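# Let me see the structure of the following:
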Amino acid sequence: MILFKYIHRLFLAGIVLMLTSFYPHSGSKTSSSKNKSAHQYYIIVDKSDFELKVYDEEGWYATYPVVFGSKDLGDKMREGDKKTPNGSYKIILKKIHSKWGPELLLDYPTEDNVQLFNERKAKGLIPKKAKIGNGIAIHATRPEEEWTIDNFYNWTDGCVSVKYTEMKDLYSYIEVGTKVTIQP
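I've put the predicted structure just below:
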C-alpha cells in the first residue's frame, strides 16, 4: 500500500511539473499572488491521500504532500491521541517554531469540535476525565527529516506536517484568516 502511494505521488508530481509549464499559476507563485488576501486562498487537507491542496479564485493552485500524527487517520477524539482532527478551521497565527520552523496555527478546537467531544464523552466513547486538547497546526518537518513525508511516516501529535522546503513556500503566501478544511 505504501509503495502504491509513493508511486502515485511520483506520478502526480510528474503531472504537476508538466502542468506548471503550461499553467504557471498551478505550481508556482506569480508576483500577483503576493497581492491576494487570505480570503482568496483556501486549503483542503485530504488525510486519505496525504495531500494539502491550496485553491484560489481560479481553482486548484498547489499541492503539497503531508503526514499527520497517528497511523489511524480517524478523527481526533481527545488530547494525546495523536490524531488529526476533521473539520473546518481557519489560520489564527503564523509563527516560526523553534524546532520545525514555519507554522500556521489553526483555531482548533472550534465550537463544533467541543460539541462533538462532549457528545462522545456523554456516550462513553472517551473517558470522563479526557480533555479536548489544542495547538493543532500546519507546520514543517525539521530540515533533515523531510524523508518522513516521502515515507508516509506519521510523526506529529495531531498536526499536519509539510516538508520543510515546501512549508517555507506555503508560509510565504498563506495569511492569517485563511480557511482550512481537514477531511478524512
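# didn't residue 96 look like it was pressed against residue 105?
No. Between residue 96 and residue 105 no contact is recorded; they are 11.7 Å apart, counting by Cβ atoms under 8 Å. To be clear about C-beta, it is placed using only N, CA and C from the backbone, and glycine gets the same treatment.
# Neighbour count for those two, which is higher?
Between residue 96 and residue 105, counted using other Cβ atoms under 10 Å, residue 105 has the larger neighbour count: 20 against 11.
# Would you mark the buried spots in stretch 73-87?
The neighbour-count check on stretch 73-87 (16 or more other Cβ atoms under 10 Å) flags 75, 76, 77, 78, 79, 81, 82, 83, 84, 85, 86, 87 as buried.
# cool, and stretch 126-144?
Neighbour counts over stretch 126-144 (16+ other Cβ under 10 Å) mark 126, 130, 132, 133, 136, 137, 138, 139, 140, 141 as buried.
# who touches the second one in this structure?
Listed by Cβ atoms under 8 Å, 6 or more residues apart in numbering, the contact set of residue 130 reads 77, 78, 79, 121.
# which one's the longest strand in the chain?
When the chain is scanned for its longest strand (criterion: DSSP state E), the result is strand 87-97.
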